[in-house]
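K.L.:
Below: sequence and its predicted model.
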Amino acid sequence: MFMIRNVRIDDLSELVVIEQLCFVKEEAAPKEAFEKRIQFISDSFFIAEGDGKIMGFVNGPVIEEPYITDELFSDVRANPISGGHQSILGIAVSPGFQGRGVATALLAHLEEEAKLKNRETITLTCKEKLIPFYERHGYHNQGVSTSNHGGAVWYDLVKKLY
(Lines give C-alpha, C1' and ligand atoms only; values in the text may rest on other atoms or scores of the structure.)
Protein backbone atom coordinates (compact mmCIF):
# COMPACT_ATOMS: atom_id res chain seq x y z
CA MET A 1 0.00 0.00 0.00
CA PHE A 2 1.02 3.58 -0.54
CA MET A 3 -0.36 7.07 -0.16
CA ILE A 4 -0.03 10.13 -2.36
CA ARG A 5 0.80 13.52 -0.89
CA ASN A 6 2.25 16.88 -1.86
CA VAL A 7 6.01 17.24 -2.01
CA ARG A 8 8.03 18.64 0.90
CA ILE A 9 11.52 20.13 0.87
CA ASP A 10 12.81 17.25 3.00
CA ASP A 11 12.00 14.90 0.06
CA LEU A 12 14.67 16.56 -2.08
CA SER A 13 17.56 14.11 -1.72
CA GLU A 14 15.37 11.04 -2.39
CA LEU A 15 13.79 12.73 -5.44
CA VAL A 16 17.19 13.40 -6.99
CA VAL A 17 18.21 9.74 -6.52
CA ILE A 18 15.00 8.45 -8.12
CA GLU A 19 15.36 10.90 -11.02
CA GLN A 20 18.92 9.72 -11.67
CA LEU A 21 17.83 6.07 -11.57
CA CYS A 22 14.98 6.63 -14.03
CA PHE A 23 16.46 9.06 -16.57
CA VAL A 24 19.75 9.24 -18.45
CA LYS A 25 22.10 12.00 -17.33
CA GLU A 26 21.16 14.37 -20.20
CA GLU A 27 17.44 14.13 -19.35
CA ALA A 28 17.51 13.98 -15.55
CA ALA A 29 16.48 17.14 -13.73
CA PRO A 30 19.25 18.47 -11.48
CA LYS A 31 18.83 19.14 -7.76
CA GLU A 32 18.36 22.87 -8.45
CA ALA A 33 15.38 22.18 -10.73
CA PHE A 34 13.72 20.13 -7.99
CA GLU A 35 14.37 22.92 -5.48
CA LYS A 36 12.58 25.40 -7.78
CA ARG A 37 9.68 23.02 -8.41
CA ILE A 38 9.24 22.38 -4.69
CA GLN A 39 9.32 26.12 -4.03
CA PHE A 40 6.96 27.23 -6.82
CA ILE A 41 4.72 24.30 -7.81
CA SER A 42 4.31 22.11 -4.74
CA ASP A 43 0.55 22.22 -5.48
CA SER A 44 1.19 20.12 -8.63
CA PHE A 45 4.07 17.99 -7.35
CA PHE A 46 2.96 14.70 -5.81
CA ILE A 47 4.83 11.92 -4.04
CA ALA A 48 3.81 8.25 -3.75
CA GLU A 49 5.03 7.00 -0.39
CA GLY A 50 4.87 3.61 1.27
CA ASP A 51 6.61 2.11 4.29
CA GLY A 52 8.31 5.46 4.89
CA LYS A 53 9.96 5.43 1.47
CA ILE A 54 9.31 7.56 -1.59
CA MET A 55 8.22 5.16 -4.33
CA GLY A 56 7.77 7.71 -7.09
CA PHE A 57 6.63 11.17 -8.03
CA VAL A 58 4.94 13.31 -10.68
CA ASN A 59 5.38 17.03 -11.20
CA GLY A 60 4.89 19.87 -13.63
CA PRO A 61 3.76 23.47 -13.80
CA VAL A 62 0.49 24.74 -15.19
CA ILE A 63 1.15 26.41 -18.53
CA GLU A 64 -0.79 28.65 -20.92
CA GLU A 65 -0.13 26.64 -24.08
CA PRO A 66 -1.18 23.01 -24.57
CA TYR A 67 2.35 21.73 -25.30
CA ILE A 68 5.58 21.55 -23.31
CA THR A 69 8.55 23.63 -24.41
CA ASP A 70 12.16 23.12 -23.32
CA GLU A 71 12.37 26.34 -21.30
CA LEU A 72 9.86 24.86 -18.82
CA PHE A 73 12.58 22.55 -17.56
CA SER A 74 14.50 25.52 -16.14
CA ASP A 75 11.99 28.40 -15.86
CA VAL A 76 9.33 27.48 -13.30
CA ARG A 77 6.74 29.93 -12.00
CA ALA A 78 3.89 29.58 -9.54
CA ASN A 79 0.73 27.96 -10.90
CA PRO A 80 -2.40 30.02 -11.57
CA ILE A 81 -5.26 29.28 -9.19
CA SER A 82 -7.43 27.90 -12.00
CA GLY A 83 -7.42 27.27 -15.74
CA GLY A 84 -4.49 26.53 -18.03
CA HIS A 85 -2.91 23.24 -18.98
CA GLN A 86 -1.35 20.94 -16.39
CA SER A 87 2.00 19.77 -17.67
CA ILE A 88 4.00 16.76 -16.57
CA LEU A 89 7.72 17.49 -16.65
CA GLY A 90 8.56 14.33 -14.80
CA ILE A 91 7.00 11.11 -13.62
CA ALA A 92 9.31 8.51 -12.16
CA VAL A 93 8.97 5.38 -10.06
CA SER A 94 11.96 3.93 -8.26
CA PRO A 95 12.96 0.67 -10.01
CA GLY A 96 12.18 -1.46 -6.94
CA PHE A 97 8.57 -0.24 -6.97
CA GLN A 98 7.83 -0.39 -10.70
CA GLY A 99 5.00 -2.61 -11.90
CA ARG A 100 2.84 -1.97 -8.81
CA GLY A 101 0.51 0.69 -10.22
CA VAL A 102 2.40 3.61 -8.70
CA ALA A 103 2.67 5.62 -11.95
CA THR A 104 -1.00 4.95 -12.74
CA ALA A 105 -2.03 6.16 -9.27
CA LEU A 106 0.14 9.28 -9.60
CA LEU A 107 -1.43 10.11 -12.98
CA ALA A 108 -4.94 9.63 -11.56
CA HIS A 109 -4.17 11.84 -8.57
CA LEU A 110 -2.72 14.60 -10.76
CA GLU A 111 -5.77 14.40 -13.01
CA GLU A 112 -8.20 14.76 -10.08
CA GLU A 113 -6.28 17.77 -8.75
CA ALA A 114 -6.21 19.32 -12.24
CA LYS A 115 -9.97 18.87 -12.62
CA LEU A 116 -10.58 20.55 -9.24
CA LYS A 117 -8.67 23.56 -10.55
CA ASN A 118 -10.43 23.65 -13.93
CA ARG A 119 -7.35 22.82 -16.00
CA GLU A 120 -8.19 22.21 -19.69
CA THR A 121 -5.77 19.37 -20.36
CA ILE A 122 -2.86 17.42 -19.02
CA THR A 123 0.09 17.59 -21.38
CA LEU A 124 3.40 15.75 -21.43
CA THR A 125 6.20 14.58 -23.65
CA CYS A 126 7.44 11.01 -23.73
CA LYS A 127 9.59 8.69 -25.76
CA GLU A 128 8.01 6.47 -28.39
CA LYS A 129 8.17 3.30 -26.27
CA LEU A 130 5.95 4.91 -23.57
CA ILE A 131 3.17 6.09 -25.93
CA PRO A 132 1.06 2.90 -25.41
CA PHE A 133 1.21 3.35 -21.59
CA TYR A 134 -0.15 6.88 -21.80
CA GLU A 135 -2.73 5.98 -24.47
CA ARG A 136 -4.13 3.35 -22.07
CA HIS A 137 -4.67 6.23 -19.63
CA GLY A 138 -6.61 8.37 -22.10
CA TYR A 139 -3.81 10.46 -23.58
CA HIS A 140 -3.72 11.16 -27.32
CA ASN A 141 -0.51 11.22 -29.32
CA GLN A 142 -0.14 14.57 -31.09
CA GLY A 143 3.05 13.59 -32.94
CA VAL A 144 6.70 14.53 -32.57
CA SER A 145 7.30 17.36 -30.11
CA THR A 146 9.35 20.48 -30.77
CA SER A 147 11.21 19.59 -27.55
CA ASN A 148 14.68 18.16 -27.92
CA HIS A 149 15.33 17.98 -24.17
CA GLY A 150 18.44 15.92 -23.50
CA GLY A 151 18.93 15.44 -27.24
CA ALA A 152 16.10 12.89 -27.47
CA VAL A 153 13.05 12.57 -29.75
CA TRP A 154 9.87 13.24 -27.75
CA TYR A 155 6.19 12.93 -28.57
CA ASP A 156 3.46 15.31 -27.38
CA LEU A 157 0.65 13.56 -25.56
CA VAL A 158 -2.47 15.36 -24.35
CA LYS A 159 -5.48 14.35 -22.29
CA LYS A 160 -8.51 16.62 -22.38
CA LEU A 161 -10.19 17.01 -19.02
CA TYR A 162 -13.53 18.46 -20.21
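P.N.:
Thanks, I have the structure now.
K.L.:
So which bits of stretch 31-40 are buried?
P.N.:
Going by neighbour count (16 or more other Cβ atoms under 10 Å), the buried part of stretch 31-40 is 33-34, 36-38. In this view, the C-beta of every residue, glycine as well, is placed from N, C-alpha and C.
K.L.:
if we take those residues, which one ends up nearest to residue 9?
P.N.:
Among those, residue 38 lies closest to residue 9 (Cβ to Cβ), at 5.5 Å.
K.L.:
pretty sure the closest one is touching residue 13, no?
P.N.:
No. Contact criterion Cβ atoms under 8 Å: residue 38 and residue 13 do not qualify, at 11.8 Å.
K.L.:
In the sheet, which residues pair with residue 141? Tell me.
P.N.:
Beta bridges link residue 141 to residue 157, judged by DSSP bridges.
K.L.:
hang on, isn't it packed against residue 159?
P.N.:
No. With contact defined as Cβ under 8 Å, residue 141 does not reach residue 159; the gap is 11.0 Å.
K.L.:
Compare neighbour counts for the two and give me the winner.
P.N.:
The neighbour comparison of residue 141 against residue 159 (other Cβ atoms under 10 Å) goes to residue 159, with 19 against 15.
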